[in-house]
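Colleague: After the sequence you'll find the predicted model.
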Amino acid sequence: MKQPKLPHAIANSILRNIAGRKIKEGTRLKTQSVADEFGVSRSPVRVALEILDGKKVLRRELNKGYFVTEEALRIAEEADLADDYQDMDGIYDRFVNDWLNDRISNEVNESSLRKFYDITASRANSIMFRAVHEGWAERKPGYGWRLREVAKTEEAFNQIYRFRLLIEPAALLEPGFTLDHKAIERLREDQEGIRGLDVADIKMFDQLERGSQFHAELARMSGNLMFHFGVIRANKMRRLLEYRAPIDKERLVIQCAEHLEILDLIEAGDMTEASFKMRIHLDGALNFKRRSIPFGANSKM
């Protein structure tokens with residue numbers, strides 16, 4: 001299967017953000033801001049915005065730019081984006097493992113990637129677009145990318161979860177915690193949707209995205225930016241090792257049930273019990289992943 005071109009990958013990522021309610025109706029999308037977010041130049045972004053304009057996801061207003069339309073959410077939810085991140089040639093898998101095992105520098109560019117992996121410029125840019133989108137790489141001023149620090153060892157992974165065990169239950173007890181009913185409803189729909197899927201239909205990328213969003217949204221409701229930013233950073237640092245964990249349907253059902261129970265408690269106003277359940281949930285997740293992730297192995301994700 002042919003890899004999606006960069007503009008189409010950017011367009012699909014914007015669609016994902018709209019479907020996940022990260023980008024709302026009426027939002028103006030600025031070319032430079034989108035380019036900065038995805039670590040690319042403005043040229044593919046311009047094409048991506050034109051693609052979405054043609055699909056009626058965006059509308060272009062003269063001398064003002066592109067805005068998210070009323071129809072965008074429905075279109076985004078109905079879009080088939082499942083194959084956008086398939087790693088058909090295994091290069092992305094190799095790239096991740098090379099970074100986890102310190103076989104590549106923390107600074108790379110298109111030329112170095114092409115030589116090291118014997119790939120085209122388009123493929124190199126596609127790989128880095130995904131890495132930037134997933135939060136473990138950033139575009140350098142000028143040319144190339146910088147790879148961010150991530151958990152590479154079992155101890156580093158354990159430290160991230162110990163950090164999460166401290167801050168996420170505490171975030172639910174913040175005096176400024178404000179219930180966002182619309183966000184709770186979206187999170188509930190996501191969790192119930194995952195629980196009803198067959199294992200064959202579950203994509204690791206989507207599963208991690210939804211799990212990360214669940215925890216980040218609850219931290220956001222705390223009203224404390226430090227909790228929110230801390231959870232977002234922890235999510236990005238643990239992502240690559242968690243790709244190595246196999247999808248376990250039984251564990252996924254348990255995870256979704258625990259998420260839904262926490263949401264029920266929050267909506268009922270029982271924040272003490274919700275905080276307690278969050279700690280149990282994170283502790284269970286850590287114990288499962290300790291057993292299932294092949295730490296230090298060059299196995300496939």
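Modeller: Yep, that arrived.

Colleague: And the closest residue to S292 other than its chain neighbours, how far from L225?
Modeller: Excluding the flanking residues, the one nearest S292 by Cβ to Cβ, 6 or more residues apart in numbering is A245, at 4.6 Å. Bear in mind the C-beta positions are built from the backbone N, C-alpha and C, glycine included. Separation of A245 from L225 (Cβ to Cβ, to the nearest Å) stands at 30 Å.

Colleague: Comparing the two, which shows the higher neighbour count?
Modeller: Of the pair A245 and L225, A245 is the one with more neighbours under other Cβ atoms under 10 Å, namely 19 against 10.

Colleague: Spell out the secondary structure type for that one.
Modeller: At A245 the chain is in coil, as set by DSSP: H, G, I helix; E, B strand; the rest coil.

Colleague: And it, its phi and psi?
Modeller: With angles defined as degrees, to the nearest 10, A245 sits at phi -80, psi 130.

Colleague: Tell me how many other residues crowd Q207.
Modeller: For Q207, the neighbour count with other Cβ under 10 Å is 17.

Colleague: what do you get for N106?
Modeller: 12.

Colleague: Find the nearest non-adjacent residue to it, please.
Modeller: For N106, the closest residue by Cβ to Cβ, 6+ apart turns out to be L147, at 4.7 Å.

Colleague: Checking M128 next. Helix, strand or coil?
Modeller: M128 - assigned by three-state DSSP - is helix.

Colleague: check contacts around it.
Modeller: Neighbouring residues of M128 by Cβ atoms under 8 Å, 6 or more residues apart in numbering: 39, 108, 110, 113, 137, 145.

Colleague: On the three-state scheme, the fourth one is what?
Modeller: Following three-state DSSP, the label given to L113 is helix.

Colleague: just checking, it touches A124?
Modeller: Yes - using Cβ atoms under 8 Å, L113 is in contact with A124, at 4.0 Å.

Colleague: what about the strands in the stretch 101-250 of the chain?
Modeller: Under the criterion DSSP state E, counting those that start in this stretch, the stretch 101-250 of the chain contains strands at 107-108, 137-139, 145-147.

Colleague: Mean pLDDT lowest where, among these?
Modeller: Among those, strand 137-139 has the lowest mean pLDDT, at a mean of 88.

Colleague: Tell me if I am right that R59 is in a strand.
Modeller: Yes - under three-state DSSP, R59 falls within a strand.

Colleague: Test my guess that it contacts L49.
Modeller: No - using Cβ under 8 Å, R59 makes no contact with L49, being 10.7 Å away.

Colleague: so what's the residue nearest to the spatial centre of the chain scoring on pLDDT?
Modeller: Nearest to the geometric centre of the chain sits E209, at 4.0 Å (Cα atoms, centre = their mean). Looking at E209, its pLDDT stands at 80.

Colleague: those helices in the stretch 151-300 of the chain, which residues are they?
Modeller: For the stretch 151-300 of the chain, the helices defined by DSSP state H, counting those that start in this stretch cover 154-171, 181-195, 204-221, 225-242, 249-268, 271-292.

Colleague: beta partners of the residue nearest to N106?
Modeller: A137 (DSSP bridges).

Colleague: right, and it touches W136 too?
Modeller: Yes - with contact defined as Cβ under 8 Å, L147 counts as touching W136 (6.6 Å).

Colleague: which residues do the two both contact?
Modeller: Common neighbours of L147 and W136, using Cβ under 8 Å, 6+ apart, are W99.

Colleague: Next up, the contacts around P294.
Modeller: R244.
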